[in-house]
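Student: Predicted structure and sequence below. I'll ask about it afterward.
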Amino acid sequence: MTATIGALGVVYGDIGTSPLYALKEAVKAAAHGGALTPEAILGVASLILWALILIISIKYAALIMRADNRGEGGIVALLALLSARNAQPGTWRAQLLIVGLIGAALLYGDGAITPAISVLSAIEGLKVDAPALTPLVVPLTIVILIGLFMMQKQGTGFIGKIFGPVMLGWFAILAALGIHGIVKAPAVLAALSPLYAFDFLIHQDFRVSFAILGAAFLAVTGGEAMYADMGHFGRNPIRLAWFAIALPALVLNYFGQAGLLITDMTAIDNPFYQLAPDWAQYPLIAMATLATVIASQAIISGVFSLTQQSIQLGFLPRMRITHTTSDSIGQIYVPLVNWLLAAATLGAVLGFGTSDALAGAYGIAVSLLMAITTLLAALVAIQWGYSPVIVIAVNGFFLVIDCIFFAANSTKLFEGGWFPLLLAGAVAFLMLTWRSGVKLVEGARGKLRQPEEDLIETAVDKCHARLSGTAVFLASAPNGVPLALTQFVKHNHCLHQRVVLVTVLIAEAPRIPEADRAEVIEVIPGITRVILHYGFMQYPTIYQGLVLACQQGKLSGIDLTDITYYIGRETIIPSEDIPGMWLWRENVFAFLQRNAERSAAFFGVPTKQVVEFGTEIEI
């Protein structure tokens, strides 16, 4: 039950605040086709209900959540399951990697829009009871969002503990308000039939139908968190929270808003807040603001987690990652990502100004992400041995729905839909450039790297002296001689009595148990190779890995407080003469590489024990 309540705050924060704007936007879209009618209101309510059932309840909860990577979900987990990371260029798996990275990048676009539209729609409740306060909506939203992003550095554990209970209260309020609206117009329950949605759409002008579909899709944005956050709470608690609490409360509220509009169509400006009695307006605004802050925090933490996974798997350059004191939400803080996300979010609030305008920007990134997830999950199912006919029939059906919603949202491209796509495009470009650049650098390293046999010969015959103590050389590959060691011997003509070659390998599994962490290979007496294995959800720390190897008896005779770590620091030289990327992309990669977190800091190497060797690599 604790995990179920926790899932309400983290997983359903985003979709739980959708009633603030989703039905309002869909009904306004329906009204553009002419005068607003009860049939149109029932059609919109039916459409939202069946979108929640088909996309969230059946596709995500029943099907997509089966495609887990040892309990973890999300785009990165799917790419790992499909072994797309190490696919050969030109193969279909390599093409999947591009598609998957675009899907991951779309989450950054979503992450910039969600806090903006959520908090803005909550504060807009002030317009209902006090229209004179309208000029304060944007400034108040800016203040709240700045506070939220500034708080990330301190960790959000103290807030994380109240996420679940607060959202439980929020869903209770949604249900109560919805019941109040349904009692006013019980006829709204006729919208339970999917025929209302179907009949309404087919009798509209094509453009109006698409506008309604695009607006109604706002009701399911945030549902993708069910799959992305599966590893935090587990499949069953997330499903229980959805079917027992979130779904009933959302349906009641949407139907309550529809019931209110049937009896009072002037409430179209903000049917959510007008469901509440006058005395409850300000408490409701306060509660809605808190709920939207929670929804925003959940998406920010999700972006931090995605960034960490992408760095581990080599899709993004190393960045400084700080571990906060919290134990559930906001476990890590990525300063660069936090402030870039803050700039994009605040820019969205200032640039669009209202939740109505932001609704045009919202949905297009999420609908494309959902389509990509459906496609990758189908390939995983086929890889696991499910009947291709059944998989194509089932996933194909949901892919068609995803594509229809994406097409409907695409009509909002010039109304603001370009904004998250622009952000996602920039991130995807950086991911693909970094990935390609890393491969070029590794190829160049391979040509410079000496074979292991040369190291043995050097250690036995060519070293004029053996220095006392232990030296640890970081190696990017689990074979051959690290470039830093080659440089050391070249300039000093000697070796330490004890040499340890350390390589960190990130597996395509979320976590590697400590028993399998360290693999120790004795090359020759005095030279040992240590391979540290980590999962993509774990933080790779070399010092702690060596401590564990010593404790397990795999590495003996070493005092970790009295060793020197030798690390290569590479300078990338772009060149037109070497085949690879376009020169301008190589310059972008070189810029990213120069500004990436230093290897010693990223891998947790004790600062006072580090010596760096500079190497130039031409690509």
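Tutor: It's in. Numbering: from 1, shown residues only.
Student: rest of the way, CA atoms for contacts and neighbours
Tutor: Fine.
Student: pretty sure L140 belongs to a helix, no?
Tutor: Yes - according to DSSP: H, G, I helix; E, B strand; the rest coil, L140 belongs to a helix.
Student: can you give me phi and psi for W92?
Tutor: phi -70, psi -30 (degrees, to the nearest 10).
Student: Is there a neighbour count for it? I'd like the number.
Tutor: 11 (other C-alpha atoms under 10 Å).
Student: residues contacting it?
Tutor: Counting by C-alpha atoms under 8 Å, 6 or more residues apart in numbering, W92 makes contact with nothing.
Student: measure it to L379 for me?
Tutor: 11 Å (C-alpha to C-alpha, to the nearest Å).
Student: got it, and L505?
Tutor: Here the distance between L505 and L379 works out to 26 Å (C-alpha to C-alpha).
Student: Skip the chain neighbours and tell me the closest residue to L140.
Tutor: In space, and not counting its chain neighbours, L140 is closest to I123: 7.5 Å by C-alpha to C-alpha, 6 or more residues apart in numbering.
Student: phi, psi of the one you found?
Tutor: phi -70, psi -30.
Student: can you give me the helices in the stretch 451-600 of the chain?
Tutor: Assignment of helices within the stretch 451-600 of the chain using DSSP state H, counting those that start in this stretch yields the ranges 452-457, 483-492, 542-551, 583-595, 599-602.
Student: Using TSV, lay out those together with mean neighbour count, mean pLDDT and distance to G231.
Tutor: Compiled in TSV, those are given as follows (neighbours: other C-alpha atoms under 10 Å; pLDDT from 0 to 100; distance: least, C-alpha to C-alpha, whole Å):
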stretch	mean neighbour count	mean pLDDT	distance to G231
helix 452-457	14	73	40
helix 483-492	16	82	38
helix 542-551	18	92	24
helix 583-595	17	91	30
helix 599-602	18	88	24
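Student: now for these, which one comes closest to I567?
Tutor: Checking those against I567 by C-alpha to C-alpha gives helix 483-492 as the closest, at 6.0 Å.
Student: Packing partners of that closest one?
Tutor: Where contact means 3 or more C-alpha pairs under 8 Å, 6 or more residues apart in numbering; DSSP states H and E, helix 483-492 is packed against strand 465-474, strand 563-573, strand 610-618.
Student: Apply 7 Å and report the result again.
Tutor: strand 563-573 (3 or more C-alpha pairs under 7 Å, 6 or more residues apart in numbering; DSSP states H and E).
Student: buried residues in the strand it packs on?
Tutor: I563, T564, Y565, Y566, I567, G568, R569, E570, I572 (16 or more other C-alpha atoms under 10 Å).
Student: now stretch 506-521
Tutor: For stretch 506-521, using 16+ other C-alpha under 10 Å, the buried residues are I506, A507, E508, A509, P510, R511, I512, R517, A518, E519, V520.
Student: My guess is V605 contacts I542. True?
Tutor: Yes - with contacts counted by C-alpha atoms under 7 Å, V605 reaches I542, the gap being 6.3 Å.
Student: on that earlier part again, pipe the helices of the stretch 451-600 of the chain into a markdown table and attach distance to N409 per row.
Tutor: Converted to a markdown table, the helices of the stretch 451-600 of the chain look like this (distance: least, C-alpha to C-alpha, whole Å):
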| stretch | distance to N409 |
| --- | --- |
| helix 452-457 | 56 |
| helix 483-492 | 51 |
| helix 542-551 | 46 |
| helix 583-595 | 31 |
| helix 599-602 | 40 |
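Student: quick one: which of these is nearest R445?
Tutor: helix 483-492 (7.8 Å).
Student: about what we covered before: wait, what's in contact with the residue nearest to L140?
Tutor: V137, T141, I285, T289 (C-alpha atoms under 7 Å, 6 or more residues apart in numbering).
Student: In this structure, spot the strand with the most residues.
Tutor: When the chain is parsed with DSSP state E, its longest strand is strand 494-506.
Student: Quick one: residues in contact with that strand.
Tutor: With C-alpha under 7 Å, 6+ apart as the test, strand 494-506 has contacts from 312-313, 459, 463-478, 489, 526-536.
Student: If any of those are buried, put those into a PyMOL selection.
Tutor: Burial among the contacts of strand 494-506 is assessed by 16+ other C-alpha under 10 Å; the matching PyMOL selection reads:
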select buried, resi 312+313+459+463+470+471+472+473+474+475+476+477+478+489+527+528+529+530+531+532+533+534+535+536
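Student: hmm, who's touching stretch 280-296?
Tutor: With C-alpha under 7 Å, 6+ apart, stretch 280-296 has contacts from 9, 13-14, 17, 114-115, 118-119, 122-123, 125, 163, 167, 170, 273.
Student: what do you get for stretch 198-211?
Tutor: If you take C-alpha under 7 Å, 6+ apart as the criterion, stretch 198-211 is touched by A29, A30, G33, A40, G43, A408.
Student: any chance you could map the strands in the protein?
Tutor: 322-323, 332-333, 465-474, 494-506, 518-524, 527-534, 563-573, 610-618.
Student: Can you spell out which residues form a bridge with the nearest residue to L485 once chain neighbours are set aside?
Tutor: Among residues not flanking L485 along the chain, F473 sits closest, at 6.5 Å (C-alpha to C-alpha, 6+ apart). Beta-bridge partners of F473, counted by DSSP bridges, are L501, Y566.
Student: so what's F473 up against?
Tutor: Counting by C-alpha under 7 Å, 6+ apart, F473 has contacts A484, L485, V500, L501, V502, Y565, Y566, I567.
Student: let's see 8 Å
Tutor: P482, A484, L485, V499, V500, L501, V502, Y565, Y566, I567.
Student: biggest separation within these, which pair?
Tutor: V499 and I567 (13.3 Å).
Student: still on that earlier bit, out of the contacts of I123, name the ones that lie in helices.
Tutor: Counting by DSSP state H, those place V137, T141, I285, T289 in helices.
Student: pretty sure the first one contacts L120?
Tutor: Same thing as V137. Yes - in this structure, V137 is within contact of L120 by C-alpha atoms under 8 Å, at 7.2 Å.
Student: Of those two, which one has the most company?
Tutor: Using other C-alpha under 10 Å, the more surrounded residue of V137 and L120 is L120, with 28 against 20.
Student: Output the below-cut-off pLDDT ranges for the stretch 251-400 of the chain.
Tutor: Per-residue confidence for the stretch 251-400 of the chain (pLDDT under 70) gives these ranges: 324-331.
Student: can you map out the helices along it?
Tutor: Counting by DSSP H, counting those that start in this stretch, the helices of the stretch 251-400 of the chain are 271-274, 281-312, 335-352, 355-359, 364-383, 388-410.
Student: Just flag the most distant two among the buried residues of stretch 506-521.
Tutor: Taking C-alpha to C-alpha, no two of the buried residues of stretch 506-521 sit farther apart than P510 and V520, at 22.0 Å.
Student: how near is the nearest residue to A484 once chain neighbours are set aside to S599?
Tutor: Counting by C-alpha to C-alpha, 6+ apart, A484 lies nearest to G568, which is 4.9 Å off, once chain neighbours are set aside. Separation of G568 from S599 (C-alpha to C-alpha): 9 Å.
Student: Cheers, nothing more for now.
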